[in-house]
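K.L.:
compute the structure for the input listed below.
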Amino acid sequence: MQSVKIKKYIEVIKLEEIVTNTKNVKIVTSEVNRIGLQLVEYYEHFSEQRIQVVGNSEWSYLEKLDSDRRRSIAKKLMSYKIPCLIFTRNLKVFDEFIEEAKEKDVVILKSKYTTTKFISKSSEFLDKALAKTVTVHGVLLDVYGIGILIFGKSGIGKSETALELIKRGHRFIADDAITIRKIGEEHIIGEAPQIIRNLLELRGIGIIDISRLYGIGSVREEKQIDLVIEFEEWDKKKNYDRLGLDDKHTSLLDIKISKLNIPVKPGRNLAMIVEAAAINHRQKSMGFNAAVELEKRLLNE
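P.N.:
Alright, predicted model coming up:
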């Protein structure tokens, strides 16, 4: 299971530490829980692995209670193995909560943001940090806004095609090792590991820095993957798809992604073919399929 250390979380979200602890606390889910029902000590279906949040409404309710009642609520909450308790809006942390947290070795933090903004920032960071990941070998580009992941055996021309596409104004994300993350249930994001970010390998030349050669506008850090293209050597005995009526797919991190197999032989302009594939994929996503349109015309003759 993916996890994030609490120290890293505090640093990224810029939280103030009110009570620290001696444990190596790790966060395992991006979901948060506003302690509404817990204020009346209702704990059925309580998700203790979530970050617990006190917003303005919860704080106002607690502020009206006497000290003994606040302590009872804090003691019950701290008896669970929560990763941390966060007060938003720079709200004052009640002494009873501080005392119980120290006794139970629970982290209490404070955020300057409103509850809604804090939850948004927290979820955005944790969704990315906790996402299921895998590393694949290929080239990832942004072509007309379509994230295209190009596969193919070594030396088939992936990097050369990428360079030509960059010269045509498209954007480079990663070459060789691409880290893929699953975001939610429908999307996957690809990026380069920090150590090789913006770098492309060209046989005969070596490593080049795309951002320095073609400008910072020629690269981006990450991109959603919409289409997979696999380059393969032309096989004259193989019957290649000439119409495109049958959509093909592949699976990345259990998400189905459209896939094309592009045969490679001398004289084929691969960069131009990839551009056409990107535009065609966008048209299909908008409801227009040229192959289906041709089939309709033939049937109506």
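
K.L.:
got a list of contacts for stretch 262-279?
P.N.:
Here stretch 262-279 makes contact (CB atoms under 8 Å, 6 or more residues apart in numbering) with 141, 143-146, 148, 150, 152, 156-157, 160-161, 164-165, 168, 170, 227, 229-235, 238, 240, 260. (C-beta placed from N, C-alpha, C; glycine too.)

K.L.:
stretch 4-11 too?
P.N.:
For stretch 4-11, contacts defined as CB under 8 Å, 6+ apart pick out 15, 17, 24-27, 83-84, 107, 109, 125-126, 129-130.

K.L.:
just the C-alphas of it, formatted as PDB.
P.N.:
These are the backbone C-alpha positions of stretch 4-11, laid out as PDB (Å, rounded to 0.1, in the frame of the first residue of the first chain):
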ATOM      1  CA  VAL A   4       3.000   9.400   2.700                       C
ATOM      2  CA  LYS A   5       5.000  10.300   5.800                       C
ATOM      3  CA  ILE A   6       3.400  12.900   7.900                       C
ATOM      4  CA  LYS A   7       6.500  15.100   7.800                       C
ATOM      5  CA  LYS A   8       6.400  15.300   4.000                       C
ATOM      6  CA  TYR A   9       2.600  16.100   4.200                       C
ATOM      7  CA  ILE A  10       3.200  18.900   6.700                       C
ATOM      8  CA  GLU A  11       6.000  20.400   4.500                       C
END
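
K.L.:
which of the residues in it are buried?
P.N.:
4, 6, 9-10 (16 or more other CB atoms under 10 Å).

K.L.:
next one: stretch 9-22
P.N.:
In terms of neighbour count (16+ other CB under 10 Å), stretch 9-22 has its buried residues at 9-10, 13, 15, 18-20.

K.L.:
and the furthest pair within the residues you listed?
P.N.:
I13 and V19 (16.6 Å; CB to CB).

K.L.:
could you give the number of residues near S3?
P.N.:
By other CB atoms under 10 Å, 14 other residues sit near S3.

K.L.:
pull up the gap between it and I188, please.
P.N.:
Note on S3: its distance to I188, by CB to CB, to the nearest Å, is 21 Å.

K.L.:
ok, now I98?
P.N.:
Distance, I98 to I188, by CB to CB: 42 Å.

K.L.:
what residue ranges in the stretch 201-301 of the chain score low on pLDDT?
P.N.:
Counting by pLDDT under 70, the stretch 201-301 of the chain shows low-confidence ranges at 242-245, 294-295, 301.

K.L.:
per-domain residue ranges of this protein.
P.N.:
The chain breaks down into these domains under automatic domain parsing: 4-129, 133-296.
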